[in-house]
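A.B. asks: Provided below for reference: sequence and predicted model.
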Amino acid sequence: MTDFFQMYGWKLAEAVLVHLYYVVISVALAFIIAVLMAVVLSRLPRLSRVILPAVSVSQTIPGIVFIGVLFIFLGMVPLTVFTALTIYAIFPILKNTYVGIMEVEPQYKEAALGCGMSARQTLCMVELPLAAPAIFTGLKMSCVYTVSWAVLASMIGLGGLGEFIYIGVSTNNNALILAGAIPAAVMAVILSYCIERLKIRSLTWQQRREIQ
């Protein structure tokens, strides 16, 4: 174990940071895009019947195929990874945000309008806060999935923990496989926990009681 860390320690630390960088940036971009799309679709229910199934198709495309096609057009640059991961990460957040907004009871929106709130104020101060549990659930799912999808970055020579996994598989080296797989699993658990804590802190007292 000591020899392994002496040989690969710095490289492993760098791979972890690169992997985390891909995940955080991609999920952040996906979150912004997905929430905006969900708001628009919640105002255009008919359009959602077309857009949601279309976006869900991205989940059925094998990651190695998708990133390979993007590599042909974009080349070996981080933008290729960010584009692929962001597209994959959008759907869980989009679906949960849309459902959360649509499930807000009409009486709350009517009360907000009765208090003189504008449509924008109703969205920001009533609908999105009430939809927060669903939004955070989608964000957590997206984040965990993206940790595993980011392994594909190494397929086009852009590093990350996938580099250890693929080299380990090709050389039949179990130590390298575990060196890539274990940090990725730990990263997914830690990010999931952080989002769950953020979710609890953002909820109202009444929402916390309903969850418990």
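C.D. replies: Yep, it's here. Numbering: from 1, shown residues only.
A.B. asks: Let me know the next secondary structure element after the helix or strand hosting Ala89.
C.D. replies: Using DSSP states H and E, Ala89 sits within helix 78-102. Next in sequence after helix 78-102, counting helices and strands by DSSP H and E, comes helix 106-114.
A.B. asks: Flag every buried residue along that next one.
C.D. replies: Residues Lys109, Ala112 are the ones in helix 106-114 that count as buried (16 or more other CB atoms under 10 Å). Glycine gets a C-beta too; all of them are placed from N, C-alpha and C.
A.B. asks: what are the C-alpha coordinates of that helix, in PDB please?
C.D. replies: Taking only C-alpha atoms (Å, rounded to 0.1, in the frame of the first residue of the first chain), the coordinates of helix 106-114 have been written out as PDB:
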ATOM      1  CA  PRO A 106     -53.600  25.800  -6.700                       C
ATOM      2  CA  GLN A 107     -54.800  27.300  -3.400                       C
ATOM      3  CA  TYR A 108     -51.200  28.500  -2.600                       C
ATOM      4  CA  LYS A 109     -50.900  30.200  -6.000                       C
ATOM      5  CA  GLU A 110     -54.300  31.800  -5.600                       C
ATOM      6  CA  ALA A 111     -53.400  33.000  -2.200                       C
ATOM      7  CA  ALA A 112     -50.200  34.500  -3.500                       C
ATOM      8  CA  LEU A 113     -52.100  36.300  -6.300                       C
ATOM      9  CA  GLY A 114     -54.600  37.500  -3.800                       C
END
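A.B. asks: ok, residues contacting that helix?
C.D. replies: With CB atoms under 8 Å, 6 or more residues apart in numbering as the test, helix 106-114 has contacts from Gln121, Thr122, Met125, Val126, Glu127, Leu130.
A.B. asks: Repeat the analysis, applying 6 Å as the threshold.
C.D. replies: Contact with helix 106-114 is made by Thr122, Val126, as judged by CB atoms under 6 Å, 6 or more residues apart in numbering.
A.B. asks: where does this structure dip in pLDDT?
C.D. replies: For the chain, the stretches with pLDDT under 70 are 1, 203-212.
A.B. asks: quick one, strands of it?
C.D. replies: Taking DSSP state E to define them, one finds no strands in the chain.
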